[in-house]
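Colleague: Return atomic coordinates for the entry below.
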Amino acid sequence: MKILLTNDDGIHAPGLKVLERIARTISDDITIVAPEVEQSGKSRAVTLTEPLRVREIEPKAFSVTGTPSDCVLLAMRDLMPEPPELILSGVNKGQNIAEDTSYSGTIAAAMFGMQHHVPSIALSQSQNFRGRGSCPWETAELWGPRALKPVLEYGWPSDVVININFPDRDPEDVGGIRFTRQGFRDEQIIRTEKREDLRGNDYYWIGYRETLSNPDEGTDLRAIYDGYVSITPLHVDLTHNRFLAKMGEWQS
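Modeller: Numbers count the residues shown, from 1 in each chain. The predicted structure follows:
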């Protein structure tokens, strides 16, 4: 099986090395195409206003001066002799659950692959639940093949991306695997912080508040909070069908 690996944390990210080891439990026919530098939060951005440069780091491993979606596009169109049969994106440093899914570059890369008819899976390792700096890569490495096994065995619809998240727990403390729906937090965790540089000018950092919500059972949030691997089928259609039906009454 020809597998394309990518991410949004960059070509030198530790999670990409973990992903490669996970992928090699499936196949040795692996190509890596990842951003030159971190592209977290870039969502589905495609670079249209400047050229992209590609550098071959080692055989079948390329860095791209662009976004995760750029990487997938170049891999499929230019860098791989044949299209991939599977795309794995990650392993992201930090969970991609709930609202995170809409601006995650990790998931965007998988979405781009899916839209080009390649089965695609995003993988993320939760962090900072046990304290700042906690990110147990060994959990993703051990549980990654276990999570992929049923997904690859049974398959999934062509318009779906599989989103896998590993909890911030040591491998032996993981409760198992849960199949989940996307959750929603009861408060926003994105925050801004205003600072002043040494010349007296204001600047801002955007980041996360480490605040837990109270998620419903069956959601990706609840699974991660409770120490389970979360596997969620996602798709691009953002239509709110119930309200669309209501809107139809406006025409009567």
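Colleague: Quickly find the element holding Ser124.
Modeller: Ser124 is part of strand 120-125, with elements assigned from DSSP states H and E.
Colleague: Centre of the chain to whatever helix or strand comes next after that strand, how far?
Modeller: Scanning the chain past strand 120-125 towards its C-terminal end, the next helix or strand to appear is helix 137-154 (assignment: DSSP H and E). Relative to the mean C-alpha coordinate of its chain, helix 137-154 is positioned 15 Å out (Cα atoms, centre = their mean, to the nearest Å).
Colleague: Can you list the low-confidence ranges for the protein?
Modeller: Per-residue confidence for the chain (pLDDT under 70) gives these ranges: 188-189, 252.
Colleague: Relative to Ser69, how far out is the one residue sitting closest to the centre of it?
Modeller: In the chain, the residue lying closest to the centroid (Cα atoms, centre = their mean) is Thr106, at 3.0 Å. For Thr106, the distance to Ser69 under the criterion Cβ to Cβ, to the nearest Å works out to 11 Å. Using the backbone N, CA and C atoms, a C-beta is placed for each residue, glycine as well.
Colleague: again, but for Ala122
Modeller: Plainly put, Ala122 is 13 Å away from Ser69 if you go by Cβ to Cβ.
Colleague: For the two, indicate the residue with more neighbours.
Modeller: Each of Ala122 and Ser69 had its neighbours counted (other Cβ atoms under 10 Å), and the higher figure belongs to Ala122 (32 against 24).
Colleague: pretty sure that one contacts Val91?
Modeller: No - checked against Cβ atoms under 8 Å, the pair Ala122 and Val91 is beyond contact range at 9.2 Å.
Colleague: where's the nearest residue to Ile57 once chain neighbours are set aside, which helix or strand?
Modeller: Closest residue to Ile57 in three dimensions, ignoring its sequence neighbours and counting by Cβ to Cβ, 6 or more residues apart in numbering: Ser63, at 5.7 Å. Element membership for Ser63 (DSSP H and E) is strand 61-64.
Colleague: Excluding chain neighbours, give the residue nearest to the residue nearest to the centre of the chain in space.
Modeller: Thr106 sits nearest to Asn92 (Cβ to Cβ, 6+ apart), 4.2 Å away.
Colleague: how much does the stretch of helix or strand Ile231 belongs to deviate in direction from strand 120-125?
Modeller: Under the assignment given by DSSP H and E, the secondary-structure element containing Ile231 is strand 229-234. Computed with axes from the mean of the first three to the mean of the last three Cα atoms, to 10 degrees, the direction of strand 229-234 lies at 140 degrees from that of strand 120-125.
Colleague: Start the count at 33 instead of 1 going forward.
Modeller: Okay, using 33 as the starting number, the last item reads as strand 261-266.
Colleague: that older thread, helices or strands next to the helix or strand where the residue nearest to Thr138 lies in the packing?
Modeller: Secondary structure here is read from DSSP H and E; on that basis Asn124 sits in strand 118-125. With contacts defined as 3 or more Cβ pairs under 8 Å, 6 or more residues apart in numbering; DSSP states H and E, strand 118-125 has these neighbours: strand 35-38, helix 46-55, helix 137-147, strand 152-157, helix 169-186.
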